[in-house]
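Chemist: Return atomic coordinates for the entry below.
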Amino acid sequence: VFVRVRAEGRPWRDARVRPAKDGRFRLSVRLKPGLMRYEVEFGSRRGGVETVLRRATNVVCGDAYLIQGQSNAVATDWGDGEPGLQSPWIRTFGGPSGDPNGIHRWGEAVPRNPDGEQLQIGYWGMELARRLVESHRIPICILNGAVGGTRIDQHQRNPAQPDDRSTLYGRLLWRVQKARLTHGIRGILWHQGEADSGSEQLASTYGERLARMVKDLRADLGAGEVPFVAGKLGEFLKREDKDGKPSLWPKVNDQIGTISKSVPHAAAVESTGLKHKGDVVHFDTPSLREFGERYAEAMKKLQASAAK
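Modeler: From the prediction side, this is the model:
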């Protein structure tokens with residue numbers, strides 16, 4: 001049997017092996033990360049005749065990142081118009097809900113999908129990926145598991161079954177496993193906290209719950225101290241809710257801002273100067289673009305410090 005790889009239409013590498021008597025075999029070809037497309041053929045050879053049994057085209061090799069949180073991490077609620085940010089070097093796998101009917105789909109990522117959630121990674125997720133492609137010169141995969149209106153306790157791990165798809169944590173972990181990316185996650189990005197700003201109990205314990213979630217996710221990914229970047233909530237949020245009760249988002253922001261004290265290899269992204277789209281909740285289009293740039297810069301700094 002053989003595996004044959006071509007890069008941008010030119011021969012790259014191949015591997016051949018004779019199966020054991022029981023028919024089992026193992027062979028592999030290592031791909032080089034970079035802005036190139038591969039074609040992979042798998043086949044057999046008998047009597048001097050080669051037969052291609054499977055072929056995969058438009059294959060790329062790069063790094064993968066995770067986004068998690070609530071609606072400003074979903075980042076699809078910017079209003080009318082599509083930004084046209086699609087790139088052949090920015091990929092994703094499935095969608096946030098973990099729907100088994102769509103989970104096995106790889107494809108070029110989009111900021112949002114008007115026909116459903118498949119392959120969407122949000123506006124700032126796309127901008128983040130675009131900037132990482134530019135700086136690292138390799139393809140980038142983003143898995144966005146964010147769900148609007150969720151509290152941080154809804155993002156916690158089920159200790160009995162970490163990949164439990166009835167949980168937001170489990171859905172994202174399950175997608176990573178199905179995409180076979182457990183060895184390739186290079187960063188985790190987070191934006192959430194609006195839903196935890198309504199009570200003193202939730203707001204005052206936000207930091208410790210966030211730190212626990214990061215520790216669990218890193219462990220389940222087997223990713224060591226993979227970089228973690230959390231974005232602060234918009235400073236335009238109201239100081240009171242619709243019932244006149246205090247909104248404690250400044251307290252949540254304070255704990256996000258000091259996350260590096262409790263989580264190693266972590267950083268916070270400021271939201272100063274960013275604006276809402278008119279609803280005093282969601283960032284507008286220019287702000288989402290700027291937020292993506294800030295997330296990218298913070299991630300690159302963490303990666304650079306780890307490389308020293």
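Chemist: Let me see the ranges of the helices in this structure.
Modeler: 71-74, 123-136, 168-178, 200-204, 206-221, 249-257, 285-307 (DSSP state H).
Chemist: Same list, those helices, but as TSV with mean neighbour count, mean pLDDT and distance to residue 15 please.
Modeler: The C-beta positions use only the backbone N, C-alpha and C, and glycine is treated the same way. Below are the helices of the chain laid out as TSV (neighbours: other CB atoms under 10 Å; pLDDT from 0 to 100; distance: least, CB to CB, whole Å):
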stretch	mean neighbour count	mean pLDDT	distance to residue 15
helix 71-74	24	95	41
helix 123-136	23	96	27
helix 168-178	21	92	25
helix 200-204	15	95	54
helix 206-221	19	96	28
helix 249-257	20	97	47
helix 285-307	18	94	31
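Chemist: closest to residue 39 out of those?
Modeler: Of all those, helix 123-136 sits nearest to residue 39, with 20.9 Å by CB to CB.
Chemist: would TSV of the helices of the chain with distance to residue 265 be doable?
Modeler: Output for the helices of the chain, formatted as TSV (distance: least, CB to CB, whole Å):
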stretch	distance to residue 265
helix 71-74	20
helix 123-136	17
helix 168-178	19
helix 200-204	25
helix 206-221	9
helix 249-257	16
helix 285-307	6
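Chemist: what residues are up against the most centrally placed residue in the chain?
Modeler: The centroid of the chain falls nearest to residue 66 when counting by CA atoms, centre = their mean (2.2 Å). By CB atoms under 8 Å, 6 or more residues apart in numbering, the contact list for residue 66 reads 142-145, 172, 176, 185, 187-189, 217.
Chemist: Just give me the closest of those residues to residue 161.
Modeler: Taking CB to CB as the measure, residue 172 is the one of those closest to residue 161, at 13.9 Å.
Chemist: ranges for the strands of the stretch 1-150 of the chain?
Modeler: Assigned by DSSP state E, counting those that start in this stretch, the strands in the stretch 1-150 of the chain fall at 2-7, 10-16, 34-46, 49-61, 63-69, 90-93, 106-108, 140-144.
Chemist: one step back: ok, which of the helices of the chain comes nearest residue 27?
Modeler: Closest to residue 27 of the helices of the chain is helix 168-178 (CB to CB; 23.1 Å).
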